[in-house]
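Trainee: please find the sequence and the predicted model below.
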Amino acid sequence: MNFSPERAEIRFGCGLSPQIAPPSSLSVLLAGLDGPDAMADRFPMLSYDAYITRRAHWLDLRKKRRTSSGARAEAFAKQAAAVNRTFYEDRVRGFGQTVLRWSLTDQGLRERLALFWADHFTTVGKSAPQRSATSIYIDAAIRPNLSGRFADLLIAAVTHPMMLAYLDQQTSVGPGSVYAQRQSKLRGLNENLAREVMELHTLGVDGPYTQADVRQLAELFTGLGISKTGALQFNQRRAEPGSESVLGRSYGGDPARLEPVLQVLRDLAVHPATADHIARKLAVHFVSDTPDSGLVDHMAARFLATDGDLRAVYTAMLEHPAAWDDGPGNVKPPFDFVASACRALAVPQDRLQDAPVRQTNRLLVQPIGVMGQSWQRPSGPDGWSEEDTAWVTPQGLSARLRWAMAVPRRLLPELPDPRQFVTDALGATAPEPVRFAARAAETRAEAVGLILSAPAFQRR
């Protein structure tokens, strides 16, 4: 392995910064996963409890509006609309906090992994309140489990109320359950969560499972739901009685309990197919759309040998020579591009943290949507594409160029000297044509835009 500090920060971190030194060794890079989550502590999101309290207040106001008339109904409607605006503001501020974490961290691998796993365990809110809670879900379920055992991460993500709501698990009812027997209107079994757990979260789309396994897992999952307070709840009345067989192993029984659900997730987490699936996804995300087979096999073997110890799997990836191959890496998705640009530009903290919500939305959130990546709103539970072709489109590239030319001057009181910025952004190996363009540009804004638009900056 030929370790390179600059390549480590670009390929496995958040990009180069003129203020923060890249990791000096592999051990330093990995050490960023240990200890407190400094960026989450420094730039916190709203707590889940606070979100639930606000959402309950919003629902109460909407109910009062419906049951009132005249001036009272109008007053309740205005109050509900005001609370609804706070959900929008929380969502945009969550974006700003995430950019700040990327811009100022010296633990770049941790930030990259947080977004990788948030995408692996995609949730999308179906209402304004839920859309504002995605960042809260990431901080509650994903970030605390980034470098532990995959089973713990899987359980935290799959059983979080945001995931249950997104995949409509709260509507799933066991056909033989007490609840189903007492309802005049038939409530059906919902297989969404079971299917995505097997197809996306663990075994993979080509994994060794059948439709019968999906149905049996879905029946085992009945009972998982959300309480009125917004917490995880296991409701025995809705759960399918008896045991279920998943991949040839029996789970559950009478009475239905939460523990068999957790056990099947633990077993799926350490399955050989899961090891292959997770190893390949990590290699594709960090290294190449077509990763070296030896790299994937090395990571999968480490996954199996350690029962899914994620830190060990990351170490296996980083110690393999194929992870450090020369040549351009993957194309940065739009968020990564914008956030790494803010990091390279050393945008001051107050310019992002104290900016009006509308300005953050106009300069940062909306542009990445035009580039093809609406913030925290992928089109399906499989998350965002890892293929370069998804981001190298005429519209996407045009939007990146427009942003690079226009927005940096809005974020900074004074743009950096292009002759220095080309090294700050691209490192010592910045291509000479880019250096020449930076020197020859008529204005600093044009030079900075050319550097940020260069293929060398667009890739990891």
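Mentor: Ah, there it is.
Trainee: got any ranges where the stretch 151-300 of the chain has weak pLDDT?
Mentor: 184-186 (pLDDT under 70).
Trainee: which residue ranges of it form strands?
Mentor: 224-226, 232-234, 243-246, 249-252 (DSSP state E, counting those that start in this stretch).
Trainee: now these as CSV including mean neighbour count?
Mentor: Heads up, the C-betas are built off the backbone N, CA and C, glycines and all. CSV is the format used below for the strands of the stretch 151-300 of the chain (neighbours: other CB atoms under 10 Å):
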stretch, mean neighbour count
strand 224-226, 20
strand 232-234, 16
strand 243-246, 20
strand 249-252, 17
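Trainee: quick one: closest of those to P291.
Mentor: strand 243-246 (29.8 Å; CB to CB).
Trainee: partner strands of that closest one and their direction?
Mentor: strand 249-252 (antiparallel) (DSSP bridges).
Trainee: kindly export the strand it pairs with (C-alpha atoms) in CSV.
Mentor: C-alpha atoms of strand 249-252 as CSV (Å, rounded to 0.1, in the frame of the first residue of the first chain):
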residue,chain,number,x,y,z
ARG,A,249,-34.2,-21.2,10.7
SER,A,250,-37.2,-20.9,13.0
TYR,A,251,-37.9,-17.7,14.9
GLY,A,252,-40.6,-16.6,17.2
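Trainee: show me what that strand is in contact with.
Mentor: Surrounding strand 249-252, the residues in contact under the criterion CB atoms under 8 Å, 6 or more residues apart in numbering are L220, G242, S243, E244, S245, P260, V261, Q263, V264, D267.
Trainee: same thing but 6 Å
Mentor: Residues from elsewhere that reach strand 249-252 (CB atoms under 6 Å, 6 or more residues apart in numbering): L220, S243, E244, P260, V264.
Trainee: for A114, what are its contacts?
Mentor: With CB under 6 Å, 6+ apart, A114 has these contacts: I142, R143.
Trainee: state the distance from it to D37.
Mentor: 9 Å (CB to CB, to the nearest Å).
Trainee: coming back round to it: let's have the strands of the stretch 151-300 of the chain in a markdown table, adding distance to D213.
Mentor: Formatted as a markdown table, these follow (distance: least, CB to CB, whole Å):
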| stretch | distance to D213 |
| --- | --- |
| strand 224-226 | 17 |
| strand 232-234 | 21 |
| strand 243-246 | 5 |
| strand 249-252 | 10 |
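Trainee: M405 reaches I451, doesn't it?
Mentor: No: at 10.9 Å, M405 does not count as touching I451 under the criterion of CB atoms under 6 Å.
Trainee: quick one: which of these two has more around it?
Mentor: Between M405 and I451, counting by other CB atoms under 10 Å, I451 is the more crowded of the two (28 against 16).
Trainee: report pLDDT for that one.
Mentor: What the model reports as pLDDT for I451 is 97.
Trainee: same question, K126
Mentor: pLDDT at K126 comes out at 89.
Trainee: and it, how far from R280?
Mentor: From K126 to R280 the distance is 30 Å (CB to CB).
Trainee: those two: which is more packed in?
Mentor: R280 (18 against 11).
Trainee: in contact with the closest residue to the more buried one other than its chain neighbours, which residues?
Mentor: Nearest residue to R280, sequence neighbours excluded (CB to CB, 6 or more residues apart in numbering): V296, at 5.1 Å. Taking CB under 6 Å, 6+ apart, we find V296 in contact with A279, R280, A283.
Trainee: list just the nearest of these to A194.
Mentor: R280 (22.2 Å).
Trainee: how near is that closest one to V197?
Mentor: 18 Å.
Trainee: could you list the domains of the chain?
Mentor: As given by automatic domain parsing, the domain ranges for the chain are 165-269, 334-458.
Trainee: could these be laid out in JSON lines, adding distance to I52?
Mentor: As requested, the domains of the chain are exported to JSON lines (distance: least, CB to CB, whole Å):
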{"stretch": "domain 165-269", "distance to I52": "4"}
{"stretch": "domain 334-458", "distance to I52": "19"}
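Trainee: wait, which of these is closest to R42?
Mentor: So among the domains of the chain, domain 334-458 is nearest, using CB to CB, at 9.5 Å.
Trainee: tell me the contacts of the most centrally placed residue in the chain?
Mentor: In the chain, the residue lying closest to the centroid (CA atoms, centre = their mean) is A118, at 2.5 Å. By CB under 6 Å, 6+ apart, the contact list for A118 reads I138, I142.
Trainee: which secondary structure element contains it?
Mentor: Using DSSP states H and E, A118 maps to helix 108-120.
Trainee: now the element after that helix, going C-ward?
Mentor: helix 128-132.
Trainee: gap between the helix holding A118 and the chain center?
Mentor: 6 Å (CA atoms, centre = their mean, to the nearest Å).
Trainee: could I get that helix in CSV with only the CA atoms?
Mentor: Extracted in CSV, the C-alpha atoms of helix 108-120 (Å, rounded to 0.1, in the frame of the first residue of the first chain):
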residue,chain,number,x,y,z
GLY,A,108,-13.3,13.1,7.3
LEU,A,109,-13.8,9.3,7.1
ARG,A,110,-16.4,9.5,9.8
GLU,A,111,-18.4,12.1,7.9
ARG,A,112,-18.2,10.1,4.7
LEU,A,113,-19.4,7.0,6.4
ALA,A,114,-22.3,8.8,8.0
LEU,A,115,-23.6,9.7,4.6
PHE,A,116,-22.8,6.3,3.1
TRP,A,117,-24.8,4.4,5.8
ALA,A,118,-27.6,7.0,5.7
ASP,A,119,-28.0,6.2,2.0
HIS,A,120,-27.7,2.5,2.6
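Trainee: nearest residue to L295 other than its sequence neighbours?
Mentor: In space, L295 is closest to A322, 4.2 Å off (CB to CB, 6+ apart).
Trainee: related to what we said a few turns ago, overlap of the contact sets of A114 and D37?
Mentor: R143.
Trainee: so G223 sits right up against A256, yeah?
Mentor: Yes: counting by CB under 6 Å, A256 is a contact partner of G223 at 5.3 Å.
Trainee: give me the beta-bridge partners of R249?
Mentor: Under the criterion used here (DSSP bridges), R249 is bridged to V246.
Trainee: start at 39, not 1
Mentor: All right, first residue 39 from here; so that's R287.
Trainee: now tabulate the contacts of strand 287-290 in a markdown table and tack on distance to Y126.
Mentor: As requested, those are arranged in a markdown table below (distance: CB to CB, whole Å):
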| residue | distance to Y126 |
| --- | --- |
| L258 | 38 |
| S281 | 46 |
| E282 | 42 |
| P298 | 40 |
| V302 | 38 |
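Trainee: ok, the residue lying closest to R295 once chain neighbours are set aside to L296 distance?
Mentor: Leaving aside its sequence neighbours, R295 sits nearest to F272 (CB to CB, 6+ apart; 7.3 Å). Applying CB to CB, the value for F272 to L296 is 4 Å.
Trainee: what does E237 give?
Mentor: 23 Å.
Trainee: phi, psi for D87 please.
Mentor: phi -60, psi -40 (degrees, to the nearest 10).
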